[in-house]
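Q: sequence unknown, structure follows:
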């Protein structure tokens, strides 16, 4: 069974440019999470979806970040425009549902903004 | 807002030693607690999930305990091996908050 798939694995962009990350969760998983992880720190939740609905986006910087999960399957996280401080690893995770079951993570996308 | 703390931040032990990693949380109204391992440059690998009604969960050399009333969980690793070297993270379900992790080094 395929795990959580993220692409790209690495991305280097200039500041003020847009960037998008893609996540395909485990088949049948209704809950999808996007996290940001800075070096030496734990992941920080950006947004959580239950199917198509964003049920927790309180930590998402909405002035420049946006996310969507059309049809309740794969999801895209976008940053526009990117800033130097956005350099980090962006992780996607999924779980069966309810937000209270075992979560599985993808390999992440390492973003470098120069 | 749930706050999750992991102590120690880093730990170095000789091979074969038994060790305990700690995770504490401020809000005891949690659902489940999950322990992860993260190798450098990689995503997180799930190790153990403890349901809120359970007190402990075991997988091989790993044993995780949960005490909701005191807001604590521990991960016990028996007979540590160099391959156990990684960062260990705990996450509190409900809103999936993470601690900063414990970076473990097991020396041959």
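A: Right, received. Where do you want to start? As the structure is a prediction and not an experimental result, all values here were calculated from the model.

Q: who in chain B is up against chain A?
A: Residues of chain B lying close to chain A by CB under 8 Å from any CB of the partner chain are B:4, B:6, B:31-32, B:34, B:36, B:41-46, B:49, B:89, B:91, B:93-101. Every C-beta, even on glycine, is put in place using the N, C-alpha and C of the backbone.

Q: so the closest residue to residue B:105 other than its chain neighbours, which state does it fall into?
A: With CB to CB, 6 or more residues apart in numbering or on different chains as the measure, residue B:12 is the residue that lies nearest to residue B:105, at 4.4 Å, once sequence neighbours are left out. Here residue B:12 is recorded as strand under DSSP: H, G, I helix; E, B strand; the rest coil.

Q: tell me who's in contact with residue B:12.
A: B:104, B:105, B:106, B:107 (CB atoms under 8 Å, 6 or more residues apart in numbering or on different chains).

Q: give me the buried subset of those residues.
A: B:104, B:106 (16 or more other CB atoms under 10 Å in any protein chain shown).

Q: inside strands: which ones of the contacts of residue B:12?
A: Using DSSP state E, B:104, B:105, B:106, B:107 are the members of those that sit in strands.

Q: can you redo these as CSV with pLDDT and distance to residue A:95?
A: CSV is the format used below for the ones in strands among the contacts of residue B:12 (pLDDT from 0 to 100; distance: CB to CB, whole Å):
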residue, pLDDT, distance to residue A:95
B:104, 98, 25
B:105, 97, 30
B:106, 98, 30
B:107, 97, 35
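
Q: need the residues you listed in CSV with distance to residue A:43, can you?
A: Listed next are the ones in strands among the contacts of residue B:12 as CSV, based on distance: CB to CB, whole Å:
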residue, distance to residue A:43
B:104, 18
B:105, 21
B:106, 24
B:107, 28
